[in-house]
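**Q** Here is a sequence with its predicted model. Questions after.
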Amino acid sequence: MDSPVLGKWSTWLAEGLCPEIAQRYSTNNRFGLVGKSSGGYGAMVNGMLRPDVWSAIASHSGDVGFELMYGGTWGETVTHIAADGSAEAYLKRLAAAPSMRSSDFHTMMMCALAASYDPRPVSASLDLGVELPVDIHTCVLDKEAWQRWMKHDPLEMIELRHQALSSMALCFIDCGGQDQYHIHYGTRRLANRLESLSIPHTYEEFVGTHSGIDHRLDVSLPLLSTSLQ
């Protein structure tokens, strides 16, 4: 997705990468997106945002259902950055550190999500544009900030952009039934909503978690190839 903090990646995919591929290779000007985890989210969201570019999508364990995914993680996240006083101070310290701790990966991811879903205007006190939607001392959720996050949840986006998915030659979604981030619950809701909106799609739930799912590409890639012919 595009973010003033992290860059215009959605625009680059559609207006930078696709034309470059078309110039280098023989194509029929039909393009598909496939990804897993955050990449799966990107495939789904870009399909909704740019149906003029993308003709087919495949989302493997893509982020869906933000409330359940992130709701139980704020305490851990805030605890990790509390000594620094803010998300930005934490990120600056991490950038200067010789190495990362294992706990830093998840905390850094939450900061990156904030930069994507709720980028803040750069100011003297916020020069990175990153701020979490929770109070750093009490971990109380900022409802207005959280609503800005929720607007990017596919469960919310589908209500306004379902017609875009209707135009897809393939809308493939899957998720492990034991996903440790609880994404399977949001994905089930999304599949149910697609069904109620009569949007053609394929939903598969497999035995597995969020990890070690590369083998699922063996399912989606042949479908993408066929749909784009």
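**A** Yep, that arrived. Residues are numbered from 1 along each chain as shown.
**Q** list the contacts for residue 118?
**A** The contact partners of residue 118, taken as Cβ atoms under 8 Å, 6 or more residues apart in numbering, are 131, 133, 145, 148, 149. To be clear about C-beta, it is placed using only N, CA and C from the backbone, and glycine gets the same treatment.
**Q** Hmm, residue 30 is touching residue 228, no?
**A** Yes - at 4.7 Å, residue 30 counts as touching residue 228 under the criterion of Cβ atoms under 8 Å.
**Q** hey, what's in contact with both of these two?
**A** Common neighbours of residue 30 and residue 228 are listed as 55, 56, 169 (criterion: Cβ under 8 Å, 6+ apart).
**Q** Which of the residues you listed sits closest to residue 40?
**A** Residue 40 lies nearest to residue 56 out of the shared contacts of residue 30 and residue 228, by Cβ to Cβ, at 13.7 Å.
**Q** Near that closest one, how many other residues are there?
**A** 23 (other Cβ atoms under 10 Å).
**Q** Make sure it is indeed in a helix.
**A** No - secondary structure of residue 56 (DSSP: H, G, I helix; E, B strand; the rest coil): strand, not part of a helix.
**Q** Can you name the residues bridging to residue 34?
**A** residue 58 (DSSP bridges).
**Q** Return the residues in contact with it.
**A** 40, 43, 57, 58, 59, 60, 217, 220, 221, 224.
**Q** Surely residue 33 and residue 53 touch.
**A** No - judged on Cβ under 8 Å, residue 33 makes no contact with residue 53 at a distance of 9.1 Å.
**Q** who has more neighbours, the two?
**A** Under the criterion of other Cβ under 10 Å, the comparison of residue 33 against residue 53 puts residue 33 first, with 23 against 19.
**Q** wait, what's in contact with the more buried one?
**A** Contacts of residue 33 (Cβ under 8 Å, 6+ apart): 13, 42, 43, 46, 47, 54, 56, 57, 58.
**Q** redo that, cut-off 7 Å
**A** Contacts for residue 33 (Cβ atoms under 7 Å, 6 or more residues apart in numbering) come out as 43, 46, 47, 54, 57.
**Q** Please tell me which one of these counts the most neighbours.
**A** Greatest neighbour count in the contacts of residue 33, by other Cβ under 10 Å, goes to residue 57: 30 neighbours.
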